[in-house]
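J.: sequence? don't have it. structure:
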Ligand SMILES: [Cu+2]
């Protein structure tokens, strides 16, 4: 360990052991290459081991709700503001949100948005063809289990001071129940942001300002899969959107992934980088790509992806939903019609088959909508939910 607890920064490269799991015997052993193990120096991530500290310290900060939280828990049913949903735990998927509904204040009834949603898989393939790395194509949900890998959340660090914690149970291999403490925290988040604001100065003699604060409800789970720590937040907002956020920042920041489906969904990845030992100590010695970036002497941060796929069974105001793709079409204008030469209008396409619904997320201007074609607003507009996604790979 060379004086560090960051065992991932001390890889021993070139050694492959093949084990017959039926006989529990080593049937193959390969010691292919000799690569120096990177030094442990400077790799310990604990603040207590760092000198000088990684940033100047700030004054204490906390969230206080003098009247207590605004949400209620009835078993696994969560009620907050206009929202109501069921919170479930699954060994493989981790958090499962079901029966999420919004209260229609005018009608006095709940209207369904999401029948059930969860992370279906989290695929992490490494872009390295060497003997000891080519097979590293992990399924973090299916092979490790996001629920099974959930860690107990610590009050006031993993979750703010106003959080409420929930335990979960799973069945062990012999069928006996195993309690996992504090796997969920639920809290109301207020980060000083504005939900809605307008200042009106157009009325003579008056200045009217109306502001509503952005307060949301977060359900959090942290799953630690070896070197990665995934922070999975389901966030419900007062404007009716659901965000599912998964983020992972690896220390050293070779890979960072940020996948966001705002309005419908968002996930946090954090933790440590998976590195490969190398003979190189400076980029000048490297002529080819080497499957990664030299992040320290003898240490290559391996290039890889985190692909998140979601199971989202939507019930937008009922079960019969359609998927619409709205694109912008540039339209030329006749000189007699208007002094303008062009404008854009919206073209709506409804997916008739699954293949029609396939989309390639990218920079194309498109608005995606899940609608309930049998329901309309008072003025006849379609009722729906809009998923948005953004992806940054750095
Ligand atoms: Cu990564």
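T.: Yep, that arrived. Fair warning: this is a prediction, and the values are worked out from it, not measured in the lab.
J.: Low-confidence bits of the stretch 151-300 of the chain, can you list those?
T.: Within the stretch 151-300 of the chain, the stretches with pLDDT under 70 are 247-270.
J.: where along it do the strands fall?
T.: Using DSSP state E, counting those that start in this stretch, the strands found in the stretch 151-300 of the chain span residues 164-171, 177-200, 208-225, 228-237, 242-249, 256-260, 267-271, 275-277, 292-296, 299-302.
J.: and residue 311, which of those strands is closest to it?
T.: Nearest to residue 311, of all those, is strand 242-249, at 11.2 Å by C-beta to C-beta. All C-beta spots, glycine's among them, are computed from the backbone N, C-alpha and C.
J.: Looking at the strands of the stretch 151-300 of the chain, spot the one closest to residue 79.
T.: strand 208-225 (9.8 Å).
J.: what about that closest one, distance to the chain center?
T.: The chain centroid and the centroid of strand 208-225 are separated by 14 Å under C-alpha atoms, centre = their mean, to the nearest Å.
J.: mind listing what's buried in it?
T.: With burial defined by 16 or more other C-beta atoms under 10 Å, the residues of strand 208-225 counted as buried are 215, 216, 217, 218, 219, 220, 221, 222, 223, 225.
J.: could you dump the strands of the stretch 151-300 of the chain to JSON lines with distance to residue 369?
T.: Converted to JSON lines, the strands of the stretch 151-300 of the chain look like this (distance: least, C-beta to C-beta, whole Å):
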{"stretch": "strand 164-171", "distance to residue 369": "34"}
{"stretch": "strand 177-200", "distance to residue 369": "22"}
{"stretch": "strand 208-225", "distance to residue 369": "22"}
{"stretch": "strand 228-237", "distance to residue 369": "18"}
{"stretch": "strand 242-249", "distance to residue 369": "15"}
{"stretch": "strand 256-260", "distance to residue 369": "18"}
{"stretch": "strand 267-271", "distance to residue 369": "23"}
{"stretch": "strand 275-277", "distance to residue 369": "43"}
{"stretch": "strand 292-296", "distance to residue 369": "40"}
{"stretch": "strand 299-302", "distance to residue 369": "39"}
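J.: Would you tell me which of those strands gets closest to residue 100?
T.: Across the strands of the stretch 151-300 of the chain, residue 100 has its closest neighbour in strand 242-249 (6.6 Å, C-beta to C-beta).
J.: Can you list the neighbours in contact with stretch 56-73?
T.: Outside of stretch 56-73, the residues within contact range by C-beta atoms under 8 Å, 6 or more residues apart in numbering are 78-81, 156, 160-162, 164, 166, 186-190, 217.
J.: I would like a PyMOL command selecting only the buried ones among those, please.
T.: Command for PyMOL, covering only those of those found buried under the criterion 16+ other C-beta under 10 Å:
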select buried, resi 78+79+80+81+160+162+164+166+186+187+188+189+217
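J.: which one of the buried residues of strand 208-225 sits closest to residue 108?
T.: Checking the buried residues of strand 208-225 against residue 108 by C-beta to C-beta gives residue 217 as the nearest, at 21.4 Å.
J.: Do I have it right that that closest one meets residue 242?
T.: No - here residue 217 does not reach residue 242: they are 10.1 Å apart, not a contact under C-beta atoms under 8 Å.
J.: Give me the common contacts of the two.
T.: With contacts defined as C-beta under 8 Å, 6+ apart, the residues shared by residue 217 and residue 242 are 235, 236.
J.: So this structure: which segments form each domain?
T.: Following automatic domain parsing, one finds the domains of the chain at 73-314, 316-394.
J.: Give me whichever of those is most buried.
T.: Among the domains of the chain, judged by mean count of other C-beta atoms under 10 Å, the one packed with the most neighbours on average is domain 73-314 (a mean of 17).
J.: need the contact list for residue 294.
T.: Here residue 294 is in contact with 278, 280, 281, 282, 283, 286, 300, 301 (C-beta under 8 Å, 6+ apart).
J.: how about residue 144, phi and psi?
T.: Dihedral angles of residue 144 (phi, psi; degrees, to the nearest 10) stand at phi -100, psi -40.
J.: shouldn't it be in contact with residue 124?
T.: No - with contact defined as C-beta under 8 Å, residue 144 does not reach residue 124; the gap is 10.1 Å.
J.: joint contacts of the two?
T.: Residues touching both residue 144 and residue 124 by C-beta under 8 Å, 6+ apart: residue 138.
J.: related to what we said a few turns ago, arrange the buried residues of strand 208-225 in a markdown table, one row each, with distance to residue 331 as further columns.
T.: Shown next, in a markdown table, are the buried residues of strand 208-225 (distance: C-beta to C-beta, whole Å):
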| residue | distance to residue 331 |
| --- | --- |
| 215 | 41 |
| 216 | 39 |
| 217 | 42 |
| 218 | 43 |
| 219 | 44 |
| 220 | 46 |
| 221 | 47 |
| 222 | 49 |
| 223 | 48 |
| 225 | 50 |
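J.: So the residue lying farthest from the centre of the chain: helix, strand or coil?
T.: Going by C-alpha atoms, centre = their mean, the residue of the chain most distant from its centre is residue 336, 51.4 Å out. Here residue 336 is recorded as coil under DSSP: H, G, I helix; E, B strand; the rest coil.
J.: And it, how far from residue 57?
T.: Note on residue 336: its distance to residue 57, by C-beta to C-beta, to the nearest Å, is 69 Å.
J.: got it, and residue 181?
T.: Here the criterion is C-beta to C-beta. By it, residue 181 lies 30 Å from residue 57.
J.: mind checking the SS state of the residue nearest to residue 116 when sequence neighbours are not counted?
T.: Counting by C-beta to C-beta, 6 or more residues apart in numbering, the nearest residue to residue 116 once its immediate chain neighbours are dropped is residue 98, at 4.3 Å. Three-state assignment for residue 98 (three-state DSSP): strand.
J.: Can we start the residue count at 733 from this point?
T.: Done: numbering now begins at 733, and the last item shifts to residue 830.
J.: residue boundaries of the helices in the stretch 983-1126 of the chain?
T.: With DSSP state H, counting those that start in this stretch, there are no helices along the stretch 983-1126 of the chain.
J.: Which pLDDT does the model give the residue nearest to residue 848?
T.: At residue 830, the model reports a pLDDT of 98.
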